[in-house]
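Student: What shape does this take:
(chains A and B, ligands or ions: 1)
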Amino acid sequence: MEFSFTQEQKMIRDTAEAFLAEVSSSEAVRTAMATEQGYEDKIWQRICAEMYWQAIHIPEEYGGMGLGYVELVVMLEEMGRYLLCSPFFSTVCLGANALIIAGTPEQKQQYLSEICEGSLTATLAYTGKNGQWGADAVQATVIPQGDNYLLNGSFRYVPDGHTASLIIVAVRDEGSSGEDGISLFTLDAHTPGVSRTWLPTMDETRKQAEITLDNVIVSKAHLMGAQSKAWPQLNKIIHLATIATAAEQTGGAQQILDLTVEYTKERVQFGRPVAGFQAVKHQAADMMLRAEVAKSAVYYAACVAEEAINGGPLAGELAEAASVAKSYCSDGYFKNASDAIQLHGGVGFTWEYDVHLYFKRAKSSELFLGNAAYHREQVAKLLLD
Amino acid sequence: MKISFSPEDEKFRAEVAQWLTQNLVGEFEQLKFRGGPGDEHMFPEARKKWEQKLAQGGWSCVGWPKEYGGRGCSIEQQVIFNEEYARAGAPGHVGHIGEGLAGPTIIAFGNAAQKQKYLPGIVAGTELWCQGYSEPGAGSDLANVKTKAHFDEAKGKWIISGQKVWTSLAHESDFIFVIARTNPGSIAHKGLGFFLMKMDQPGIEVRGIKQLTGTSEFNEVFFDEAECDADDIVGEPGEGWAIAMGLLGFERGVSTLGQQMQFQNELNQVIDIAKTNGSHQDPVIRQRIADAHVRLKIMRYNSMRMLSDAGDGGLKKEALIYKLYWSTWHRDLGELAMDVLGPEAEILASAPYNLTRLQSMYLFVRSDTIYGGTNEIQRNIIAERGLGMPKEPKVQLK
Ligand SMILES: Cc1cc2nc3c(=O)[nH]c(=O)nc-3n(C[C@H](O)[C@H](O)[C@H](O)COP(=O)(O)OP(=O)(O)OC[C@H]3O[C@@H](n4cnc5c(N)ncnc54)[C@H](O)[C@@H]3O)c2cc1C
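Tutor: Residues are numbered from 1 along each chain as shown, chains lettered A, B, ... in the order given. Next up, the predicted model:
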């Protein structure tokens, strides 16, 4: 048991921090978030070419760095701290994970290599309009047609869905429900019948889209996993993405604490820094508790995710670890961000200060892939039913 | 980062589990899941015997260095020992203050003679200790200790007078470690001494305090010219504060993992009741049980981080928050237990005031957020040491 970062992992973290402090400053975030695309090509290209982050946990045979989920989580935590606007999450934590878990050898060879080269961005579309995050979320349908498949239906809340060039879609057999009849396909965003609409969001640092499939025809080469039986794979992809989201939340929860401590130490009222008032100190102490506890949850989940991908005794804990982490981190980040507004006083309520960016990201990441109550119910099912 | 245990460690786990299965039987069977905070009044004699049984098996003070009679277990093995111990339902250690506080302090700060005199009795489980810190006027403000110590040249002994309060297990203990003022007129943390004293002597009187549970685990301890041998002061007179504080550092450690297993046992009991009385279908109860489970799981990960980091030195953030986190969790569990029980929560095991295990847990957890540094004091410490926020203003003492 060695539940702390190795020297190499600390180096990854420090390098990421230094780079993000440079490219994801408050100004850079504000510039990127005001665009429909949501990120600057220049920065994404630097991430891919200079840093090679998109390849971090992709196996070496596809040109990746072949590192583990812990290393990925280290990066995500820093991205969450700096609210990085980029297609990293969608491409790596949704797209690449889906390919690693469910892709055929040919699909992996082609797409994972392209992701590593920095020439492909990807995402995952599985949620319908019903606001669900489990198997019920899949509403789009598939009908086999000879050697091809006919896809119909729509997806909402798809991260970077309007810009990604590869969309991995989950569809179900007509008339099926729940975990039955689910299939996964790789889909080129420019396939005839695919239309994509950007959905403007309250949290402008992360873009979402609606994707509609109108009689889209794909060949068998696009099928991932087992036809009609892909729920276990999709479920695993979702759990992995859930842990990745929790990692970003952890970084946000820490950063908003740091900003608050810094601000309250400088702001003077009643002749002393407001950080000297116990009511303020105690709220800050609770914020630190939440940030630290969130990290413990996420690092553990990262170790579990690693074993779930590459094999290991903890692989079976994936669903639980994901829900443990996401439920705690969702609450923790939101609470930290809301306390941060309070402790900043009036300036916390302004557009000018960055606090609101974290407050909004905290809510959007809480809702994405299921809020805390949803994940507690997943845990309750394991414990009580 | 690696969280699984090595095959050798797993072998060790099997060894611990086997010893416990073979030995926690017969007269010790009744001790299963007994003892520990809130239940210290149960079977003290039988638990002392159990402590000695552990010692015979080589299972006392497992984390202590071998040269002091411990087992010299690695952190991993201590984690495993504590987990298996709690899993087996082995009883709460009556000797935990000696093993966890007095012993490590003597090992760290004591001289050779003190080590020789006191450590073997702790390891053998034959000599129990209690902690004489708090006083009526010195709780959170521990440095306000008034108990006096002066050296009597004629007797060649330290003479101690004053009063301690809330002293857990003083009525069962053979020894007490006391902080007392060695320099008359000194204030705050200056001028204190750290004394190792025998309980059974004319100048010491112990009076039990009845708690809200109806039972008595802690006491008032009165010192009226009580004596302490000249060489039973740890460190120098006047330097006791550093030792007292060093000791508080030992209060967190691997035993926390055993504590969590006990918490797990309690939570399991709550879950069983919920499933039996149907409250597990109540959506609010489901959420609260799941939340308790989530936070208990993370408590374990947090202590794994804390222990893995131990080698680095320095106070780690995950260690700073630990007390505040577990005490609040446990307090919430008490409330959850009562809500799961519903009206049955009110019905006592028997008259006049015999509580069920969950009832006494519910009442006792109110102290978790008080002893060992209240939640408010913990928050001050976190803000000041963890976040570098300004220290509390000092009032000028006259
Ligand atoms: C079950 C139990 C067992 C114990 N066992 C032992 C033992 O074995 N040996 C021993 O020496 N002691 C023991 N104690 C004593 C324990 O350590 C003290 O109760 C504790 O330190 C709090 O002190 P106090 O009770 O005097 O509360 P006070 O210090 O009087 O505090 C009262 C309230 O004021 C708050 N407060 C005080 N100062 C501040 C501040 N600066 N900022 C904000 N809030 C503040 C506190 O948080 C608390 O809410 C035990 C206590 C209990 C309940």
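Student: and the nearest residue to residue A:125 once chain neighbours are set aside, how far is that from residue A:194?
Tutor: The shortest distance from residue A:125 to any non-neighbouring residue, by Cβ to Cβ, 6 or more residues apart in numbering or on different chains, is to residue A:155 (3.9 Å). For every residue, glycine as well, the C-beta is placed using N, CA and C. Residue A:155 sits 10 Å away from residue A:194, taking Cβ to Cβ, to the nearest Å as the criterion.
Student: So between the two, which is more surrounded?
Tutor: residue A:155 (27 against 18; other Cβ atoms under 10 Å in any protein chain shown).
Student: For the more buried one, grab phi and psi.
Tutor: Residue A:155 adopts backbone torsions of phi -130, psi 140, taken as degrees, to the nearest 10.
Student: partners of it in the sheet?
Tutor: residue A:211 (DSSP bridges).
Student: interface residues of the stretch 1-150 of chain B facing the ligand?
Tutor: B:130, B:131, B:132, B:133, B:134, B:139, B:140 (Cβ under 6 Å from any ligand atom).
Student: For the residues you listed, give me CSV that also has secondary structure.
Tutor: Output for those, formatted as CSV (DSSP: H, G, I helix; E, B strand; the rest coil):
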residue, secondary structure
B:130, strand
B:131, strand
B:132, strand
B:133, coil
B:134, coil
B:139, coil
B:140, coil
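Student: out of those, which are buried?
Tutor: Among these, those buried by neighbour count (16 or more other Cβ atoms under 10 Å in any protein chain shown) are B:130, B:131, B:132, B:133, B:134, B:139.
Student: Return the residues in contact with the fourth one.
Tutor: Applying Cβ atoms under 8 Å, 6 or more residues apart in numbering or on different chains to residue B:133 gives the contacts B:142, B:145, B:164, B:179, B:244.
Student: Right, and the ligand sits closest to which residue of the stretch 51-200 of chain B?
Tutor: Nearest to the ligand, among the residues of the stretch 51-200 of chain B, is residue B:139, at 1.6 Å (Cβ to the nearest ligand atom).
Student: Ramachandran coordinates for that residue?
Tutor: phi -110, psi -100.
Student: Please, where are all the helices along chain A?
Tutor: For chain A, helices defined by DSSP state H occupy the ranges A:7-23, A:26-33, A:41-46, A:69-81, A:88, A:97-102, A:105-107, A:113-117, A:231-266, A:278-310, A:318-344, A:355-367, A:372-384.
Student: Next, the angle from the first one to helix A:278-310.
Tutor: The directions of helix A:7-23 and helix A:278-310 differ by 120 degrees, with axes from the mean of the first three to the mean of the last three Cα atoms, to 10 degrees as the criterion.
Student: With only the CA atoms kept, save helix A:7-23 in CSV.
Tutor: The C-alpha coordinates for helix A:7-23 follow below in CSV (Å, rounded to 0.1, in the frame of the first residue of the first chain):
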residue,chain,number,x,y,z
GLN,A,7,7.9,11.4,-7.9
GLU,A,8,6.9,11.0,-11.5
GLN,A,9,3.2,11.7,-10.8
LYS,A,10,4.2,14.8,-8.8
MET,A,11,6.3,15.9,-11.8
ILE,A,12,3.3,15.5,-14.1
ARG,A,13,1.2,17.5,-11.7
ASP,A,14,3.8,20.3,-11.4
THR,A,15,4.3,20.5,-15.2
ALA,A,16,0.6,20.6,-15.8
GLU,A,17,0.2,23.3,-13.3
ALA,A,18,2.9,25.5,-14.7
PHE,A,19,1.5,25.1,-18.3
LEU,A,20,-2.1,25.7,-17.3
ALA,A,21,-1.2,28.8,-15.3
GLU,A,22,0.2,30.2,-18.5
VAL,A,23,-2.4,29.1,-21.1
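Student: Quick one: name the residues of the stretch 151-300 of chain B near the ligand.
Tutor: Within the stretch 151-300 of chain B, the positions near the ligand by Cβ under 6 Å from any ligand atom are B:166, B:167, B:168, B:218.
Student: Just the buried positions in the host helix or strand of residue B:308, please.
Tutor: Using DSSP states H and E, residue B:308 falls within helix B:283-308. Buried residues in helix B:283-308, defined by neighbour count with 16+ other Cβ under 10 Å: B:285-308.
Student: And for residue 210, the neighbour number?
Tutor: I'll assume chain A. By other Cβ under 10 Å, neighbour count at residue A:210 equals 18.
Student: Sorry, I should have been clearer: chain B.
Tutor: 9.
Student: before we move on, what about residue B:186?
Tutor: 12.
Student: That one contacts residue B:237, correct?
Tutor: No - under the criterion of Cβ atoms under 8 Å, residue B:186 is not in contact with residue B:237, lying 10.5 Å apart.
Student: thinking again about what came up before, what about the contacts of residue B:133, which are in strands?
Tutor: Counting by DSSP state E, the contacts of residue B:133 place B:164, B:179 in strands.
Student: which is the next helix or strand following the helix holding residue B:308?
Tutor: Sequence order places helix B:317-320 as the next helix or strand after helix B:283-308, per DSSP H and E.
Student: now for that following helix, which elements pack on it?
Tutor: Contact partners of helix B:317-320 among helices and strands, from 3 or more Cβ pairs under 8 Å, 6 or more residues apart in numbering or on different chains; DSSP states H and E: helix A:278-310, helix B:283-308.
Student: Tell me what angle the shortest one forms with helix A:318-344.
Tutor: Between helix B:283-308 and helix A:318-344, the angle comes out at 90 degrees (the same axes, to 10 degrees).
Student: State the mean pLDDT of helix B:283-308.
Tutor: Averaged across helix B:283-308, pLDDT comes to 94.
Student: Check which helices and strands it is in contact with.
Tutor: With contacts taken as 3+ Cβ pairs under 8 Å, 6+ apart, helix B:283-308 sits against helix A:278-310, helix A:318-344, helix A:372-384, helix B:75-87, helix B:255-277, helix B:317-320, helix B:322-341.
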